[in-house]
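In: no sequence on this one, just coordinates:
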Ligand code: UD2
Ligand code: MN
């Protein structure tokens, strides 16, 4: 007869052997079956669903708005406001991303009641450790912008950041220039606030995991390491497109971004090269965390592939100090503090400069000689300058 104690001993031995067998099986490629078995014993978390679709490897994440209501209770805002913790308690991991039809900006606004004018936010219950500006180059992508705002606002709130969203809108129909718009965004955002980190963000990329924190590293960070469009892999080592994060010091060390890449392509690689020319290196989050979904689209009208990009790229070493933040020229057309973002519409000109002159018209014919009595009366409609002079002498 077994005593009760020895029964337990055998039971534990049996479970121990099972664990060893499972570990061996796991090494032999039975990972899925083993994790399934383990998950039966694990308490399932209500906010984070880590299940993986084994055909695509895609994470089925949580609703990005799931735990926001927990943090809406404000603090009295006095001097005794504590600093936020190093790791936010609201971070949950994978986020479910889909693009339902019928979403409106009004709905995004309704779901983000603590975001204030200009798309600004501060955690209500603690002093943020980081101040991050998001810079989004934009033209004719309102549909994408709406989805990005829908996901980005709660994503950043979960990270307890003090943040602001800037949309830098290229005025006119001339060829798009993503990198120059970023230079504008950098200068205009820094003019408004002492941001300690700037995220340069394509309008169509939605982050899929909130452990991908929107804060800066000691070197420029390429955040979009794993995108669905590249099978959630880094396409090549020097890739720096999509979403990147730099401190103001990083940005100035590499003389910002180039101003002369008009049209699609090349500018992201130029920026990548500038990082090393500025004496820095690229950091990245892990493949598991730096995941993004890109909203599918075609090449835009006004953003044709830039045929000069390879020639230009070959010369970055010679040009990076001559073109960049130290030479950027633009004119602000308008600045609007909208409920969900600050919209800056800007004229960035063309390759020919800021003011494109219309093709030169033939000089006007000199007026025919007038009889003396008519000229004495003076012109019926004096030129503006004369009108001004007249006013000041009144
Ligand atoms: C890739 C890179 C992008 C950039 C681009 C080449 C990814 C995910 N991104 O994007 O970072 O290097 O190649 O230039 O690989 N945009 C507008 N309106 C326009 C055109 C562009 O708003 O008419 C903005 C918008 O923020 C967009 C970004 O520019 O996300 C990049 O343009 P794209 O999305 O057409 O290019 P894509 O997806 O090949
Ligand atoms: Mn895109």
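Out: Received it, and whenever you're ready, just let me know what you need. Since this is a predicted model, take the numbers as computed values, not measurements. Ligands and ions are numbered 1, 2, ... in the order given.
In: I'd guess residue 136 is in a strand, am I close?
Out: Yes - with DSSP: H, G, I helix; E, B strand; the rest coil as the criterion, residue 136 is part of a strand.
In: unless I'm mixing things up, it is touching residue 204, no?
Out: No - assessed by CB atoms under 8 Å, residue 136 is found out of contact with residue 204, at 9.9 Å. (Each C-beta comes from the backbone N, C-alpha and C, glycine too.)
In: Give me the common contacts of these two.
Out: Each of residue 148 lies in contact with both residue 136 and residue 204 under the rule CB atoms under 8 Å, 6 or more residues apart in numbering.
In: neighbour count winner among the two?
Out: Taking other CB atoms under 10 Å, residue 136 and residue 204 do not tie; residue 136 has more neighbours (27 against 20).
In: Report the contact partners of that one.
Out: 145, 148, 165, 166, 167, 168, 185, 201, 202, 203, 341.
In: Name the residues of the stretch 201-350 of the chain found near ligand 1, please.
Out: Applying CB under 6 Å from any ligand atom, we find that the stretch 201-350 of the chain lies next to ligand 1 at 202-205, 227, 241-242, 264-265, 267-268, 294, 299-300, 302-303.
In: in its sheet, what does the helix or strand that contains residue 345 sit against?
Out: Per DSSP states H and E, residue 345 falls inside strand 342-347. Strand 342-347 has its sheet partners listed here by DSSP bridges as strand 162-170 (parallel), strand 331-337 (antiparallel).
In: which residue is nearest the middle of the protein?
Out: residue 201 (2.2 Å; CA atoms, centre = their mean).
In: Now it, what are its backbone angles?
Out: Dihedral pair for residue 201: phi -130, psi 120, per degrees, to the nearest 10.
In: Hmm, residue 132 and it touching each other?
Out: No - in terms of CB under 8 Å, residue 201 does not count as a neighbour of residue 132; the distance is 10.6 Å.
In: need the strands for the protein, in chain order.
Out: Here the chain has its strands, by DSSP state E, at 120-121, 131-138, 162-170, 197-201, 205-207, 221-222, 226-227, 243-246, 291-294, 331-337, 342-347.
In: Would you reformat those as TSV and include mean pLDDT and distance to residue 213?
Out: Putting those into TSV (pLDDT from 0 to 100; distance: least, CB to CB, whole Å) gives the following:
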stretch	mean pLDDT	distance to residue 213
strand 120-121	98	15
strand 131-138	98	9
strand 162-170	98	12
strand 197-201	98	10
strand 205-207	98	10
strand 221-222	98	10
strand 226-227	98	15
strand 243-246	98	9
strand 291-294	98	13
strand 331-337	98	26
strand 342-347	98	22
